[in-house]
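1. structure of the sequence below:
(one chain, ligands or ions: 3)
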Amino acid sequence: MTVSNAEIASIFTQMADLLEIRGEDPFRTRAYRNAARTIENLGKDLSKMVEAGEDISKIPTIGERIANKIREIVQTGRLAKLEYLKHSFPPHLLDILKIEGIGPKRAKILYQELHIGSLDALRKAAEAHKISQLRGFSEKMEQKILKGTMLAKKEGKRFLYSVAEPHAEALETYLKKFSGAEQVTVAGSFRRRKETVGDLDILATSKDPAKLIDYFVDYPGIKEIVSHGDTRSTVILNSDLQVDLRCVQAESYGAALHYFTGSKSHNIAVRIMARDMGMKVNEYGLFKDGKRIAGATEAEMYEGVGLRYIEPELRESRGEHTAARENRLPKLVKQTRIRGDLHMHTHYSDGHNSIEEMALAAKEHGYEYIAITDHSKHMSIVRGMDEKRAREQMAEIDRINAELKGISILKSVELDILEDGSLALPDSVLKEMDLVVAAVHDHFGLTQKMQTRRILKALENPYVKILVHPTGRLIGEREPYKVNMKQLFKGVTDNGCFLEINAQPKRLDLNDIYAKRAKEAGVRFAISTDSHNAASLDYMKYGVYQARRGWLEEKDVINTLSLLKLKKLLG
Ligand code: DGT
Ligand code: CA
Ligand code: CA
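-> Ligands and ions are numbered 1, 2, ... in the order given. Below you'll find the predicted structure:
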């Protein structure tokens, strides 16, 4: 069994949350929170460190007591102390902490005063206007909580792509190890690289399907076997992720892959096209006059109905069938073409590494350049840079650039757009930077008109080049703020600016649909990780997936340019 750093961090966060709800001094729970934060940003696998016998107690904020708990978690998959603590609370109490605006302090009041122990109970209490009557809560907050519970319900039990990914990869590796297994692919929304995944749909071919299914249900980490047949099975993993495995015949593999990759509406459109041509499509193949004329590969399935091969990311019924027929499908951008990362943080604001550490890590990724975009100083940002600090940073970047070979560091800042559209730092310092990226970090609740005007005004500043995480959404947690997208796209192109596709797995902002529309309006993009530590530079792939789902090509993405061309473009 391997326990990921994210899972270990989550155990410590739950400890801290429950202790705080029980009424412990936050001072006492701080050790757990600090440890959780360290572990999330560690960049090294704790399970592996423990197994290799490394001394993890030397890691800052860990120490001997937390180290012992980590060893217990790695060895048993759980922390007995947390399980014990959980017994004295309703089982779904911690779910309410996922709602924006509810932290342990408020959860404690909601639990003690109204016995709220689940999201459902929270929603009902908000609907009955019981929450606004509590001390420390307002009517506005009650409305916000109500909205939050609706959003959580709408998302249902979906998993972030990045959360499903390690499970998908581990399962694929496991199944391929079985000697009778031939082809194995994780299909469904996962193969389409959708930002959230409902369940995993795995397809396989095997000489002995029944044996492969038996082997599958022996996978370590299964909580429940829902069904176990001769050619298919459904299981639930410990993480609550559902996995379907289907074994098919080799001559039907392409047809099944097409069927189970979806999306459903994409498949239906293909089926109708086939029918209009006097053919029939199903998960076994493409049939004409009762004879199978295609089915072993996806390419021959598409060819059979007169279409070019359509990449899985495009299969959402957003015009891909017509584009495939007319041979004008986009040549989707590839991660290998990304030459730099234009959004990341360091010690200068809320990042965990130094400028040099970020640069060296980026160099290992094969990048030509990075932009260091620490936060500007502003109310909503804990440790932002004022003008003086920004100048100190620029001087340090000059020093590092002079020494470091093989990568260039662009002087930049993630500049706060204030409520009225003015900016957190004066032009006198912005003009000395190589690049300015701007962002909204507060006043999410403005009307669409005000929010749009605010952002457009910021884009008019001659130094602002990229609007980062353009809609501010957090998947499953926070809705996008209200912006008139058409006006935004126009503002972006009119001012020679660009939009970001933020690669943080929870953001993926702009999303696929808006990215496609923006492209159609002439907008170009930067795909950036918004890293707060060196390990997160790996998030780039998620941004590229979202860009591909948005039909973006290499020419639409400015960080595929060489440094020289990029600098020219940025002026
Ligand atoms: P998810 O799991 O909710 O993230 O989304 P998908 O796309 O993975 O959907 P899922 O797991 O329900 O089904 C996997 C694929 O199977 C789906 O993308 C298309 C195919 N499929 C499922 N039901 C139908 C159906 O009724 N008709 C057709 N044509 N295809 C279907
Ligand atoms: Ca699925
Ligand atoms: Ca499924």
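
2. may I have the residues that are in contact with residue 259?
-> Under the criterion of CB atoms under 8 Å, 6 or more residues apart in numbering, the contact partners of residue 259 comprise 267, 282, 283. The C-beta positions use only the backbone N, C-alpha and C, and glycine is treated the same way.

3. show the pLDDT at it.
-> Predicted confidence (pLDDT) at residue 259: the value is 97.

4. would you double-check that it falls in a strand?
-> No: with DSSP: H, G, I helix; E, B strand; the rest coil as the criterion, residue 259 is located in helix rather than a strand.

5. can you give me the separation between it and residue 203?
-> In this structure, residue 259 lies at 9 Å from residue 203, with CB to CB, to the nearest Å as the measure.

6. let's have the contacts of residue 259 in CSV, adding secondary structure.
-> Written out in CSV, the entries for those read as follows (three-state DSSP):
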residue, secondary structure
267, helix
282, strand
283, coil
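
7. filter the residues you listed down to the ones close to ligand 1.
-> residue 267 (CB under 6 Å from any ligand atom).

8. I'd like to know which of the contacts of residue 259 is nearest to ligand 1.
-> When the contacts of residue 259 are compared for distance to ligand 1 (CB to the nearest ligand atom), residue 267 wins out at 3.8 Å.

9. what's near enough to touch that closest one?
-> 258, 259, 281.

10. residue 490 - nearest residue in space that isn't next to it in sequence?
-> Nearest-residue entry for residue 490: residue 521, 7.1 Å, with adjacent residues in sequence omitted and distances by CB to CB, 6 or more residues apart in numbering.

11. which pLDDT value goes with the residue most central in space within the chain?
-> Per CA atoms, centre = their mean, the C-alpha nearest to the average position across the chain is that of residue 505, at 1.2 Å. Taken from the predicted model, the pLDDT recorded for residue 505 is 95.

12. just residue 60 next, same as before
-> 85.

13. how about it, nearest residue that isn't a chain neighbour?
-> With CB to CB, 6+ apart as the criterion, residue 60 has its nearest non-adjacent residue at 6.4 Å, and that residue is residue 38.

14. packing partners for the strand or helix carrying that neighbour?
-> Assessed by DSSP states H and E, residue 38 sits inside helix 26-40. Contact analysis of helix 26-40 by 3 or more CB pairs under 8 Å, 6 or more residues apart in numbering; DSSP states H and E lists helix 5-22, helix 63-76 as its packing neighbours.

15. can you rerun that using 7 Å?
-> Contact partners of helix 26-40 among helices and strands, from 3 or more CB pairs under 7 Å, 6 or more residues apart in numbering; DSSP states H and E: helix 5-22.

16. C-alpha coordinates for the helix it packs on, CSV please?
-> Once side chains and other backbone atoms are set aside, the C-alpha atoms of helix 5-22 remain, and they are given as CSV (Å, rounded to 0.1, in the frame of the first residue of the first chain):
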residue,chain,number,x,y,z
ASN,A,5,1.5,13.0,0.6
ALA,A,6,-1.9,14.5,-0.1
GLU,A,7,-3.6,11.8,2.0
ILE,A,8,-1.2,12.2,4.9
ALA,A,9,-1.7,16.0,4.8
SER,A,10,-5.4,15.5,4.8
ILE,A,11,-5.3,13.3,7.9
PHE,A,12,-3.4,16.0,9.8
THR,A,13,-5.8,18.7,8.6
GLN,A,14,-8.7,16.6,9.8
MET,A,15,-7.0,16.2,13.2
ALA,A,16,-6.6,20.0,13.5
ASP,A,17,-10.1,20.7,12.4
LEU,A,18,-11.8,18.2,14.7
LEU,A,19,-9.6,19.4,17.7
GLU,A,20,-10.6,23.0,17.0
ILE,A,21,-14.3,22.1,16.7
ARG,A,22,-14.0,20.3,20.0
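
17. what's the angle between that helix and helix 63-76?
-> Orientation check (axes from the mean of the first three to the mean of the last three CA atoms, to 10 degrees): helix 5-22 against helix 63-76 gives 120 degrees.

18. where in the stretch 351-500 of the chain is pLDDT low?
-> Screening the stretch 351-500 of the chain residue by residue with the criterion pLDDT under 70, one finds the ranges 379-382.

19. show me where it has its helices.
-> Counting by DSSP state H, counting those that start in this stretch, the segments of the stretch 351-500 of the chain that form helices are 355-364, 387-403, 427-430, 448-460, 485-494.

20. next, the buried residues of the last one.
-> What that stands for is helix 485-494. Residues of helix 485-494 classed as buried under the neighbour-count rule (16 or more other CB atoms under 10 Å) are 485, 488, 489, 491, 492, 493.

21. go on, the fourth one?
-> Buried residues in helix 448-460, counting neighbours by 16+ other CB under 10 Å, are found at 451, 452, 453, 454, 455, 456, 457, 458, 459.

22. ok, now stretch 201-221?
-> Going by 16+ other CB under 10 Å, stretch 201-221 has these buried residues: 201-206, 209, 211-213, 215-216, 219, 221.

23. need the worst-confidence member of the residues you listed.
-> For the buried residues of stretch 201-221, the weakest pLDDT value sits at residue 221, with 86.

24. can I assume residue 149 is in contact with residue 123?
-> Yes: between residue 149 and residue 123 there is a contact at 3.9 Å, judged by CB atoms under 7 Å.

25. which one's more surrounded, the two?
-> Higher neighbour count among residue 149 and residue 123: residue 149, with 24 against 20, using other CB atoms under 10 Å.

26. ok, the more buried one - contacts?
-> For residue 149, the contacting residues are 99, 119, 122, 123, 126, by CB atoms under 7 Å, 6 or more residues apart in numbering.

27. measure whichever residue of the stretch 251-400 of the chain sits closest to ligand 1 to residue 367 for me?
-> Distances from the stretch 251-400 of the chain to ligand 1, computed as CB to the nearest ligand atom, single out residue 262 as the nearest residue at 1.8 Å. Noted for residue 262: a distance of 34 Å to residue 367, by CB to CB.

28. hmm, back to that, immediately after the helix holding residue 38, which helix or strand?
-> Under the assignment DSSP H and E, the closest C-terminal helix or strand after helix 26-40 is helix 46-51.

29. spell out the secondary structure type for the residue nearest to the centre of the chain.
-> Local secondary structure at residue 505 is given as coil here, using three-state DSSP.

30. check contacts around it.
-> With contact set as CB under 7 Å, 6+ apart, residue 505 has these partners: 160, 161, 162, 539, 542.

31. can you tell me which of those residues are in strands?
-> Among the contacts of residue 505, the members falling in strands (DSSP state E) are residue 160.

32. neighbour-wise, which of the contacts of residue 505 leads?
-> Using other CB under 10 Å as the contact criterion, the top neighbour count among the contacts of residue 505 goes to residue 542, which has 26 neighbours.

33. wait, that residue sits on residue 503?
-> Yes: contact between residue 542 and residue 503 holds when scored by CB under 7 Å: they sit 4.9 Å apart.

34. leaving out sequence neighbours, find the closest residue to the residue nearest to the centre of the chain.
-> Residue 505 sits nearest to residue 162 (CB to CB, 6+ apart), 3.6 Å away.

35. separation between that neighbour and ligand 2?
-> To ligand 2, residue 162 is 16 Å away according to CB to the ion, to the nearest Å.

36. now do the same for that residue: its pLDDT.
-> The predicted local confidence for residue 162 comes out at a pLDDT of 95.

37. pull the distance from stretch 181-193 to the chain's centre.
-> For stretch 181-193, the distance from its own C-alpha centre to the chain's C-alpha centre is 19 Å (CA atoms, centre = their mean, to the nearest Å).

38. near ligand 2, from the buried residues of helix 448-460?
-> Contacts with ligand 2 within the buried residues of helix 448-460, as defined by CB under 5 Å from the ion: none are present.

39. ok, residue 349 - how many residues close by?
-> Using other CB under 10 Å, the number of residues around residue 349 comes to 22.

40. no further queries at this time; thank you.
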